[in-house]
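Asks: next come a sequence and a model predicted from it.
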Amino acid sequence: MAKKKEVLEETTVETVETPEKEEQLALDDERRIKVLSPSMLVWKRFIRNKLAIVGSIFIIAMFVFAFIGGIVSPYGESEVFRKYTDLTKDYAGITQNTELRYSDLSATDFPSIAKAKFVMAINKGEENFKSDDGSSYTIETIGEKGEESYAIFREGTLVSIASKLIYDAVEEGYVPTLDFRYAAEKAKAAGEENFTADGETYKLAKVEDDDVIFDSKGNELIYISDFIVNPIGDSEFIPVEQKAALKEAIEKNEEKITYDGVDYKIKRENLQWLVKSGQEAYVIDTYSSPSKAHWLGTDGNGMDVLTRLMYGGRVSLLIGFIVVAIETIIGVILGGISGYFSGWVDNIIMRIVDIFNCIPTTPLIIILGAMMDAMRVDPTLRMIYLMITLGVLSWPGTARLVRGQILSLREQEFMTATEATGISVSRRIFKHLVPNVIPQLIVICTMGLGDVIITESTLSFLGLGVKFPFASWGNIINAVSNVYVMTNYLFVWIPAGFCILITVLGFNFIGDGLRDAFDPKMKR
Amino acid sequence: MADKKDLSYLSAKESRRITKENRKITKEYEKQISRKDVPESEYLTKMHNDKNILEIDNLHTYFFTDQGVVRSVDGVSFDVPRGATIGVVGESGCGKSVTSLSVMRLLQRPIGQIVDGEIRFKVDDDKAYDIAKMPIAEMQHIRGKKISMIFQEPMTTLNPVFKIGRQLDEVFELHDKETKAEDRRAKSIELLEMVGIANAEGVYDMYPHELSGGMRQRVVIAMALACQPKLIIADEPTTALDVTIQAQILDIFRQLKEKINSSIMLITHDLGVIAEMADFVVVMYAGRIVEKGTLEDIFLHPAHPYTIGLMDSKPSVNKDVDRLYSIPGKVPNPINMPDYCYFRDRCEKCLDKCDGEYPPLIKISDTHYVACYRSEDKEVKE
Amino acid sequence: MAAPKIDRSFTPIEHSEENILEVNALKKYFPIQDGILKHTVGYVKAVDGVTFNIKRGTTMGLVGESGCGKTTTGRTILRLTDGKTSGQVLFNGQEIYDLSAKEIRALRPKMQIIFQDPYSSLSPRMPVSEIIGEAVREHGIVPKEEFDDYIEGIMSDCGLMSYHKDRYPHEFSGGQRQRICIARALALNPDFIVCDEPVSALDVSIQAQIINLLQDLQEKHNLTYLFISHDLSVVKHISDTIGVMYLGNLVEYGSRDDIFDSPAHPYTEALLSAIPVPDPIVKTNRIVLEGSIPSPANPPEGCKFHTRCAKCMDKCKTEIPVQKEISPGHFVCCHLYDE
């Protein structure tokens, strides 16, 4: 450029009246010096502010994180994760029976007091005893000494069998009758293979050391043993085969068996054995620590924290923008009218602004939130209401700024000039005034974004803002309301807090940078 | 806007290059300026002429702006003799204010830097400093105490929330902590009386906004005089004032000149003010001196076409002309200046020689210098 | 402070065809409001009874110190303030304050204004061509197809280049901005222009250019100017008649020669002597006025100038002087000429 000009100068020196003369720029011709275009000027001043750059990076990162991250993330916003866990659960207690156990006809027929007399009788070796109510009982001893069982009759009726043997039904819920037991005991003691009870014929046979009763069709009906296997936990039925396996293990002094694919641990305590099952359970994966699958772990609902953060960012940013848009639209219109027309219009609008400034925003929003809770408002609808409420409550600031700006611009001579040249009112407002307010407007909108995000987070934190299933940074932080979570699961709430911090800081930095950039008096 | 290819706008690339270069250069200067514990010997110097209080020698002050390097002051040399008033005239952007700010070292940093030259200032009878080389921290002892400055807008100099008296007292306190409060008050009132404020005691207890523009400017002058500086720089002291008030202020200046033993460097664009006040005149154009000499030299025998044009373009009450002479064009923006007379394009008396390099300062009498080829034949050889 | 009674008594004047503008006993008071209810506690008497005429194709200069009401006068006669307090403003014989909003808009192009501060008088976010052409389009002064040529023509008349069209005001120097302001006014093809200190903010060499431009345009378009300035030398150069204002009053009004060769009012004399002369040999016998201009909200009783007047008499402190014609076309408002 400089070289070219020199050449031009030389030619003009030699031939004064050539057409090139027109091309040569005089020293005071402003085309001689290139200047910065207005947009470049603003840009230059903006990038000179280091913090503004940092803020921009923050915000861009946040946008990418929230809007693109949500798409890239393999998980859904409210996708709940489950996992299998090895649950060592107390499965069953096993006792080797050495006591007499009673199988009663009914509780009234052989009351406990009679049982005491019965014990006394057999200790004395008597065959008859009398209970206190005067009933007389007869004892029939079945089997050999040491393994005997007793049948107790009251005035000829079989009321109870006292035996050390345990009858385990193969089918769940089958309870053998007293007569059946009497017959079975007798048959066992006598070593008979068949017995009849209640008109049916049963077969008693040994299967691998166990005495088993078969019914007439040859089905296994009852296993007889001296082990009691009590399932721990509700309504769990332990099949006979499993019991047999456990018994075998106990007899062999084994500590571990595998039955039906499940590991059991057997632990002996005196004459009792505790069986623990190493069962695998399918549970919600709560508060899992950061891992490859979940970079920031999962939260209390078993959702991926990182994904929630992304979606939460979307919600927070979106709410920010919509609220600021609402407040700006209302603020510019009312502030503009107020500033331009002044007089009583201005007075009325400014008093409305005063009234709005008197409204205690936080309690009002809390009440509204509680109301919506009570009315069970749909979460989506709720979010929209929240945006509208926040927008409507925060326009006065914008209106004041716009009014102030327009009031000062109105006094500038270029506005007098528009009046002197007879330009219409609408053109004066929208072509001359509004464009000059835009820089300040952009600045406060940027700053406002940070405020709105803070407010929204606060409300969501209090459970009054964005509700489940929608994520928001505020309701993610809500986890800290539990002290245990706060101290032990930092990865759940720290990132959300960090996101809020970064975003609000970012918006404020950008706001500051823009303010400096738009200010023509800034010389730095 | 951006899609339009306008050649007069800098491209992003060019602008980036300029910014980068500027940052490199200014960083270097800033490092130099903000050094600590600089030995006095580094900026100790000797006056070339002992009668002078200030000698500006080949001063170059550049501004490293986004548009390029603005050579606001580009090789300016003049002396301020003791007790004399030097008038610096020129249009806006000619570098007259930058010259004064360079002397005060109040340039807007980091973009404004003294690049070259010496500003020799006689601090004591036997001591002289080169202000251009002084570290900025050392300047505190010079500013206000030895050199004080009066600005165009008095309201920006006075702090609106403090009373006049307090602001005046503060100046005394700053430079001499020993004095008692009553003494300071007496001194302040004395000063206010000196600048022609009739109700000095009353004004002492007033706030700046209670005073009219003229009164405020008087207070500012009083503040400038407070430490009996050796040099007062007055940058357009009357431009913001009405004619009648201007007359009052000029009157005060004239009286003060007799009372105090200070030199005054008066910067203005108003030739009338210069004619009334100055002993010596320096005419500046686009960062350079085009003509300098005594008051008579400049006003009675102006030699540079710019000086002549400037005088003719000012309508006067005393003479009638049908049409004012006007210098065509406007003051150039001192970026990328070529090496020929900067006034060439606006000059109606161009010679062939004017297309050559920038004319040197030609001595046409003992006191009168001019930078114009037209005066070459009048040159006085030493 | 009691609200002063607003004077509505003035003798209406007859329109004379040679005058483009006739101002009669014009007053403009701005209320000073105070308190929560904004009740009026007083008035700033910015313009307090000003009478003058301007003949077609001439220039009237209006001088005075800041705060004397010269700018308000200029704006009030263009109906750019909320309203006048009393008096008449006849533009081509038509009272402009009687016109409806629509009518006044239609009349706007005929009377224009150029401002002092070239920085605030241009819309910052509008390119030059739009600033100049906006009102031209709005009033339909030229057909659409001629619009571009017309704007370029006006711009070149005012010394602007066609490549300036798409630039924004901040890219221009003060002098060029003032040219844009002039172009904006001129584009509407006006008859009358109020020049409100158009050169005060400019450098000397640029001042001369603008003054010459204004004079050239006056010749070419047969314009009438009301030239408001505090600079007497400029006013002297450009004006045919001159009015000197002090605190809302026109203290002296006459032809240029009347004012400069035989100033009648002590204020005019002081003002003339205060001008610094760029000639080291001429030493004027300066009359230095004491003090500064009093507040127009609380002006002195009697002659408003008596507080600063060297020739003050007892009468001056109580009686308000009336305008007297001391020679044909030379009016003065001073008790010195009471006989």
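Replies: Sure, I can see it.
Asks: from here on, contacts and neighbour counts on C-alpha atoms
Replies: OK.
Asks: residues from the stretch 251-382 of chain B in reach of chain C?
Replies: B:269-276, B:295-296, B:299-300, B:309-311, B:313-317, B:320-328, B:330 (CA under 8 Å from any CA of the partner chain).
Asks: for the stretch 301-450 of chain A, that is, sorry about that
Replies: Contact residues, the stretch 301-450 of chain A versus chain C (CA under 8 Å from any CA): A:412-417, A:419-423, A:432, A:435-436.
Asks: where does the chain have low pLDDT?
Replies: Reading this off chain A. For chain A, the stretches flagged by pLDDT under 70 are A:1-31, A:87, A:107, A:146, A:208-209, A:233-236, A:279-280, A:520-524.
Asks: could you do chain C instead?
Replies: Applying pLDDT under 70 to chain C flags the ranges C:1-9, C:35-37, C:283-284, C:339.
Asks: which pLDDT does the model give the nearest residue to B:Val219 once chain neighbours are set aside?
Replies: Once flanking residues are discounted, B:Val219 sits nearest to B:Leu192: 6.7 Å by CA to CA, 6 or more residues apart in numbering or on different chains. Looking at B:Leu192, its pLDDT stands at 88.
Asks: now do the buried residues in the host helix or strand of B:Leu192.
Replies: Secondary structure assigned from DSSP states H and E places B:Leu192 in helix B:181-194. By 16 or more other CA atoms under 10 Å in any protein chain shown, the buried positions in helix B:181-194 come out as B:184-185, B:187-189, B:191-194.
Asks: around chain A, pick out the residues from chain C.
Replies: C:78, C:80, C:105-106, C:108-109, C:111-113, C:115, C:117, C:120-125, C:134-135, C:138, C:185, C:188.
Asks: count the residues that sit near A:Asp354.
Replies: 12 (other CA atoms under 10 Å in any protein chain shown).
Asks: what's the answer for the one 10 residues further on, then?
Replies: By other CA under 10 Å, 13 other residues sit near A:Leu364.
Asks: roughly how far apart are it and B:Val282?
Replies: With distances taken as CA to CA, to the nearest Å, A:Leu364 is found 71 Å from B:Val282.
Asks: which strand or helix spans A:Tyr385?
Replies: Taking DSSP H and E as the criterion, A:Tyr385 maps to helix A:379-410.
Asks: for that helix, packing partners?
Replies: In terms of contacts (3 or more CA pairs under 8 Å, 6 or more residues apart in numbering or on different chains; DSSP states H and E), helix A:379-410 is packed against helix A:305-341, helix A:343-358, helix A:361-374, helix A:434-461.
Asks: ok, now with 6 Å
Replies: helix A:305-341 (3 or more CA pairs under 6 Å, 6 or more residues apart in numbering or on different chains; DSSP states H and E).
Asks: and the angle for the helix it packs on with helix A:343-358?
Replies: 150 degrees (axes from the mean of the first three to the mean of the last three CA atoms, to 10 degrees).
Asks: which residues of the stretch 201-339 of chain C lie near chain B?
Replies: With CA under 6 Å from any CA of the partner chain as the criterion, the stretch 201-339 of chain C meets chain B at residues C:203, C:205, C:208-209, C:233-234, C:274, C:276-280.
Asks: residue ranges with poor pLDDT in chain B?
Replies: Ranges of chain B meeting pLDDT under 70: B:1-8, B:382.
Asks: need the distance between the two termini of stretch B:339-357.
Replies: 5 Å.
Asks: any idea which residue of chain B lies closest to chain C?
Replies: B:Gly272 (3.8 Å; CA to the nearest CA).
Asks: excluding chain neighbours, what is closest to that residue?
Replies: Nearest one to B:Gly272, counting by CA to CA, 6+ apart, is C:Pro278 at 3.8 Å.
Asks: how close does that neighbour get to C:Ile210?
Replies: 20 Å.
Asks: so between those two, which is more surrounded?
Replies: Taking other CA under 10 Å, C:Pro278 and C:Ile210 do not tie; C:Ile210 has more neighbours (23 against 20).
Asks: list phi and psi for the more buried one.
Replies: C:Ile210 has phi and psi values of phi -70, psi -40 when expressed as degrees, to the nearest 10.
Asks: over to C:Ile180?
Replies: Dihedral angles for C:Ile180 - degrees, to the nearest 10 - are phi -60, psi -40.
Asks: got the end-to-end distance for stretch B:161-181?
Replies: Start and end residues of stretch B:161-181 are separated by 20 Å (CA to CA).
Asks: which residues touch it?
Replies: Here stretch B:161-181 makes contact (CA atoms under 6 Å, 6 or more residues apart in numbering or on different chains) with B:184, B:204-207, B:223.
Asks: just those residues that are near chain A?
Replies: Okay, of the contacts of stretch B:161-181, nothing touches chain A (CA under 6 Å from any CA).
Asks: make a PyMOL selection of the buried ones in these.
Replies: Buried subset of the contacts of stretch B:161-181, written as a PyMOL selection, criterion 16+ other CA under 10 Å:
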select buried, chain B and resi 184+204+206+207+223
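Asks: please consider this matter closed, and thank you.
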